[in-house]
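[1] Please work out how this folds:
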Amino acid sequence: MRWLLMLLGFWIGSCALAAAVWGASDGAVAASRPVLQHVPDEPSQARAERMVREVYGKELGSREAGVRRELAQRMIGQAMESGDDAAARFVLLREARDVAAGAGDAFLAKKAIGVMGKYYAVGEMRMVLGAMNNALAAAGSAEGQGAVAQVCLGAVDRAILEDDYATATKLMNVAEAAAGKTKNARLGERVKERSKQVAAVISEYQTVEKERERLKRDGEDAEACARVGRFLCLYKGDWNGGLPLIAKGAESGLKNLAREDLAASGDARRRLAVGDGWWELGQNQPWLARRHLQERAAWWYRQLPGELNGIHRSIVDKRIEAVELEKLAEQDLTPGLGVELFKGMDFRQCVKRRVDEQINFDWGADAPDAAVGKDNFGMRWSGVIRPPGAGNYELVVLANTGVRLWVDEKLLVENGNLARMRNGVRVKVQFEERLHGIRVEYWDTSGTARMKLLWRRPGAAKDEVVPAAVFFHEGPILLLEGP
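    Have a look, this model is predicted:
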């Protein structure tokens, strides 16, 4: 008998998830990144390291995995508050990476690297490779090893986009080793299949490099145009560079569709047909080609606001949502918020973890979980929120007793006794149409207990519980074999 175990990683303060997306945003050219800083020089790092050791020396000396995970999370949060001290930020993130990996927490190590890549010109995928090797050695559970495999699979995609095939191959080796340690047959098969696909992409890249040399000699070489264009579009997501080459290249299944794509900016029916063509072509392709083809289809579908109705609108909306959910899954994000339950109100003794769809609880005189009891407990929800549109929202917190609320690592609410406020506390938030990190800490002293997170959307007349559909958290879902 097979049974489904959801294995969760909750150490995600989430401040930089939106900035650390691995891979292009859609079939169009990805948004340009800000100018990155150089890695601070050695004397500056040494000065910052002395400060870090002075503040965190005791925790750095701990061998307890839970203490080290909490430390890494705090370091990432403090790095985001380091202002103009580039060396302090860098060293905090470097230490957080190493502490997390040494504790066997692949997701948290990846998060530290992602934040580092937001600010500094570093080789992220090579850094991920080193961290995952360390996490592989330290992880003592199937959950931890599965997380290593999952992070490596995501990093492989990014390495391919960067044409760093040596790192991609090494990442696949680590993924295979980690999957083997989980004794998870389905994960093992997934990794083996992905390894074959990566090998095929590398082989195609080597061929395409020769075709590029032919194009340098003859820019009208039809066979070379077709081969290089196909590689750029299907394996790199570079449609601006690849489509013109396919369109003037040798006859192929892509040529007519590429020409339609380049000419379809006017009529809505032509735009829809092009989107449908790319979507259908992607149905039976390997993972990377399928992803880029369907992202291109979604790009065209987004050019049709208000021009479709009925079943056509429903199909397009469903496909766009499928592409968005796939992007989230590639970032190791799954629905719901990660929850840590603590004995006591100082958030130090975590006794249980789970996933909640949303924050909408009225426990009364009962306990939220037998593990923490009815009084003197704490709960922490962590993840990301994906608002349905940009605009000015109002977040509303109703609670007995105390709450702290962060959005993108900015503390927006801190109140130790909300029980006195029947209508809760309200705070305005300017959401963009992207992922925003969210973290909520709630604690109860005695008496009745409740915790609700509501919002008022832009233009709405009343509050509503923040819906489950907008919450995601970082963690693997592994199908394990069991009795």
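
[2] what mean pLDDT would you report for the helix ranked longest in the chain?
    Counting residues, the longest helix in the chain under DSSP state H turns out to be helix 185-217. Helix 185-217 shows a mean pLDDT of 92.

[3] show me where the stretch 351-483 of the chain has strands.
    Remark: strands assigned in the stretch 351-483 of the chain by DSSP state E, counting those that start in this stretch are 360-364, 377-385, 391-400, 402-407, 410-415, 425-431, 436-444, 449-456, 464-465, 471-474, 478-481.

[4] Buried deepest among those strands, which one?
    strand 471-474 (a mean of 26; mean count of other CB atoms under 10 Å). C-betas here are computed from N, CA, C, even on glycine.

[5] Return the list of strands paired to that strand, each annotated with direction.
    strand 333-335 (antiparallel), strand 377-385 (antiparallel) (DSSP bridges).

[6] what's next to the next helix or strand along the chain from the first one, contact-wise?
    The C-terminal neighbour of strand 333-335 among helices and strands, as given by DSSP states H and E, is strand 337-343. Taking CB atoms under 8 Å, 6 or more residues apart in numbering as the criterion, the residues outside strand 337-343 that touch it are 8-10, 12, 347-359, 368-369, 371-373, 376-383, 438, 471-475.

[7] and the strands paired with strand 471-474, which one is worst for confidence?
    Mean pLDDT per stretch puts strand 333-335 lowest among the strands paired with strand 471-474, at a mean of 87.

[8] For that one, what is the distance to the chain centroid?
    9 Å (CA atoms, centre = their mean, to the nearest Å).

[9] just stretch 259-269 next, same as before
    That offset, for stretch 259-269, works out to 33 Å (CA atoms, centre = their mean).

[10] Quick check: phi and psi at the residue minimising distance to the centre of the chain.
    In the chain, the residue lying closest to the centroid (CA atoms, centre = their mean) is residue 331, at 3.0 Å. Main-chain dihedrals, residue 331, degrees, to the nearest 10: phi -90, psi 10.

[11] do residue 151 as well
    phi -60, psi -40.

[12] now swap in the one 10 residues further on and tell me
    When quoted as degrees, to the nearest 10, the phi and psi of residue 161 stand at phi -60, psi -30.

[13] wouldn't it be in contact with residue 237 here?
    Yes. The pair residue 161 and residue 237 qualifies as a contact (CB atoms under 8 Å) at a distance of 7.3 Å.

[14] Would you mind telling me which of those two has more residues around it?
    Neighbour tally, residue 161 and residue 237, criterion other CB atoms under 10 Å: the higher count belongs to residue 237, 25 against 19.

[15] Tell me which stretches of the protein form helices.
    In the chain, the helices defined using DSSP H lie at 42-60, 65-79, 86-102, 106-119, 124-138, 142-161, 165-182, 185-217, 222-236, 239-248, 255-263, 268-282, 287-301, 310-330.

[16] Just the buried residues of the last one, please?
    If I follow you right, that is helix 310-330. Residues 316, 319-320, 323, 327-328, 330 are the ones in helix 310-330 that count as buried (16 or more other CB atoms under 10 Å).

[17] The longest one too?
    Residues of helix 185-217 classed as buried under the neighbour-count rule (16+ other CB under 10 Å) are 187-188, 190-191, 194-195, 197-198, 201, 208, 211, 215.

[18] same thing with the fifth one?
    By 16+ other CB under 10 Å, the buried positions in helix 124-138 come out as 124-136, 138.

[19] Return the member of those residues nearest to residue 169.
    Distance to residue 169 across the buried residues of helix 124-138 (CB to CB) is lowest for residue 129, with 10.1 Å.

[20] Quick check, pLDDT for the closest one.
    On pLDDT, residue 129 comes in at 97.

[21] what do you get for the one 3 residues further on?
    The confidence metric pLDDT takes the value 97 at residue 132.

[22] Touching, it and residue 152? I think so.
    Yes. Using CB under 8 Å, residue 132 makes contact with residue 152 at a distance of 5.5 Å.

[23] shared neighbours, the two?
    Residues touching both residue 132 and residue 152 (CB under 8 Å, 6+ apart) are 171, 174, 178.

[24] gap between the first one and residue 164?
    This means residue 171. 10 Å (CB to CB, to the nearest Å).

[25] Between those two, which has more neighbouring residues?
    Counted by other CB under 10 Å, residue 171 and residue 164 do not tie: residue 171 has more neighbours, with 29 against 19.
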